[in-house]
Structures are given as C-alpha cells and as structure tokens.
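Colleague: this one's structure only:
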Ligand SMILES: Cc1cc2nc3c(=O)[nH]c(=O)nc-3n(C[C@H](O)[C@H](O)[C@H](O)COP(=O)(O)OP(=O)(O)OC[C@H]3O[C@@H](n4cnc5c(N)ncnc54)[C@H](O)[C@@H]3O)c2cc1C
C-alpha cells in the first residue's frame, strides 16, 4: 500500500504539534510540515495526548487521553533447532495461570524449522520481569518453557523479547483499558471530531475495538467522515477509484467505500 503512495508517506517523522481552529490545520512533524483542510490523528489515544495542540484541546478530550493507558505486555520467543515438542505429540500451545509466560504458541515458520516457542507475559508479571537483568529474564522464561515442554526447552539457540511498555511509540499493549468511570464520563470524547481534527485507530473502532481489524475499520470510518465533510485537499478519490485521507503519520488508502 505504501509503495503505491510514493513520497506521500513520510516515515520517521513523529508529529509534535497540530495547529488548528482556522480554515486549515498545520501538522508539524520532525522534518515535515503539512497544511491540510483536515487531519486524522490515527495513533493510540494515550499517544495522541503527547501531541501539542494549538489551541489546546477541550479538557474532556485531554482528560480522556490521560485515562486510556495500555496494558503491560512482554512478548518473548525462544528459538530451537527444530520444534521438538511436536514429536512428543504437543502442539506448543499453553494457557497457564502460573507464568511468567501464561499464553504460549508454536510460532515456528511454515517450513517447520527452526522451532520457535513464543510466550506472552502480562500484567504485574510483565512489570516484575522487566526489572530483572536480561540473563535472569532469559533463564526465567526458559525455565517456564522447560516446565511445560520438557528439559530440551531449557537450551534455546536464541532468545528475543520485546517489552512493549518500554516502546516509546506504543506505550504498552495489546490494548488500552479505562479505569472506573472512564467510559461513562469521557466515552463520547473518543470519536467526536474537534473542528478539523478527526480521530482514528483501533481504540475508536466500533467492531473489533483494540485489534487489527478494528484499526482498519476505524481508518475507513475516519476517511468516510472527512470525505463527507466535502473538502478538497484533506481527502479525495484517486484515479483508480480508491478513496484516501491524509492522516498524521501516513496516507490511508482503501478501496472505494
Ligand atoms: C504484543 C502485541 C500483540 C498483539 N496481538 C494482536 C493480535 O494477535 N491480533 C490483533 O488483532 N491485534 C493484536 N494487537 C493489537 C494491535 O497491534 C493493535 O490493535 C493495532 O496495531 C492498532 O493499530 P493502530 O493503527 O490503531 O495503532 P498502532 O498500530 O499503534 O499504529 C500507530 C502508529 O502511529 C505511530 N505514531 C505514534 N505516535 C505518533 C506521532 N506522534 N506521529 C506520527 N506517528 C506516530 C506509531 O509509531 C505507529 O506506527 C497486539 C498488540 C501488541 C502490542
């Protein structure tokens, strides 16, 4: 999708500031400035709250962004010469209440080698795990895999992990959760545009909220909203019938809706 858009997609340019309130919006990113009739902010709500808005957004919207924190989730993968557990009749899938990896899958490639066990560590265990030195984190996860799949699992060839809570452009995962009263007090602010600023992203989806499917649906919904606004430069239809709308970090193109 990005290839077809050529230079219109600017990567590595986080949006820092959005000036709005007049007939156009000005989006300022690292190394890029875009003036448009509308902007679709398509980042997780907690990250939308890190962008500076001029004039500042109404309190109800800013306070919403303070209440949509992401969960703590760490993804870890151990790589073996082969998926040895299959020979024991095991499918590599685990749901456990003990952890630290509580949800585990056989993540080996379709060809069957190497063997990869992938586990999720979540919640308090993810936070505790992230405080340990790498060597200890590795040992804790491999011990967990060995408990479930036998002693061969203790000797991985490689170990990789991603602590999503430490990712600057995600701030955790896999989805956000609101505190008590968050939805009832601030829910309406989630999707309501503010002037020429529209909101998209998985958290704004009405179907599959918080997931990939919802992210795509939310982009389509936001594009429709901007198209409906009937403006020229903020959104349009390409020569081959696809509709597009400019977002803060990429141009979103879908088949005509
Ligand atoms: C470990 C993990 C596992 C998951 N597993 C699944 C799964 O199995 N199935 C599923 O459906 N979903 C899963 N999810 C959830 C899924 O990843 C999200 O629902 C989806 O990525 C949300 O898409 P999005 O476009 O709304 O936001 P994002 O994917 O977060 O995209 C937002 C983009 O905006 C960029 N960005 C942020 N701030 C700025 C800024 N200021 N300026 C410019 N760009 C910015 C970010 O770098 C990012 O590229 C998982 C998530 C995690 C963390």
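Modeller: Right, received. Where do you want to start? Keep in mind that what you see is a predicted model, and the values were worked out from it rather than measured.
Colleague: what about the closest residue to residue 176 other than its chain neighbours, distance to the ligand?
Modeller: Nearest residue to residue 176, sequence neighbours excluded (CB to CB, 6 or more residues apart in numbering): residue 68, at 4.4 Å. Every residue, glycine included, has its C-beta placed from N, CA and C. For residue 68, the distance to the ligand equals 12 Å [CB to the nearest ligand atom, to the nearest Å].
Colleague: count the neighbours of residue 68 for me.
Modeller: The tally of other residues near residue 68 (other CB atoms under 10 Å) stands at 23.
Colleague: near the ligand, which residues of the stretch 51-200 of the chain?
Modeller: Residues of the stretch 51-200 of the chain lying close to the ligand (CB under 6 Å from any ligand atom) are 51, 73, 75, 164, 169-170, 173-174.
Colleague: now render those as CSV, adding secondary structure.
Modeller: Output for those, formatted as CSV (DSSP: H, G, I helix; E, B strand; the rest coil):
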residue, secondary structure
51, coil
73, strand
75, strand
164, helix
169, coil
170, coil
173, coil
174, coil
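Colleague: pick out the most distant pair among those.
Modeller: The span of those, defined through CB to CB, is set by 51 and 75 at 26.7 Å.
Colleague: so where's the stretch 101-250 of the chain uncertain?
Modeller: Residue ranges of the stretch 101-250 of the chain with pLDDT under 70: 230-250.
Colleague: that older thread, right, and the residue nearest to residue 176 touches residue 187 too?
Modeller: No. Under the criterion of CB atoms under 8 Å, residue 68 is not in contact with residue 187, lying 10.6 Å apart.
Colleague: residue in this protein nearest to the ligand?
Modeller: As assessed by CB to the nearest ligand atom, the ligand sits closest to residue 173 within the chain, at 2.5 Å.
Colleague: these two touch, right, that residue and residue 46?
Modeller: No. Between residue 173 and residue 46 there is no contact under CB under 8 Å: 11.0 Å.
Colleague: shared neighbours of the two, which are they?
Modeller: residue 70 (CB atoms under 8 Å, 6 or more residues apart in numbering).
Colleague: what residue, apart from its backbone neighbours, is nearest the spatially most central residue of the chain spatially?
Modeller: The residue lying closest to the centre of the chain (CA atoms, centre = their mean) is residue 170, at 5.9 Å. Leaving aside its sequence neighbours, residue 170 sits nearest to residue 164 (CB to CB, 6+ apart; 5.6 Å).
Colleague: residue 152 now?
Modeller: Residue 152's closest residue in space is residue 84 (CB to CB, 6+ apart), at 5.1 Å.
Colleague: contacting residues for that neighbour?
Modeller: With the criterion set at CB under 8 Å, 6+ apart, residue 84 makes contact with 115, 149-150, 152-153.
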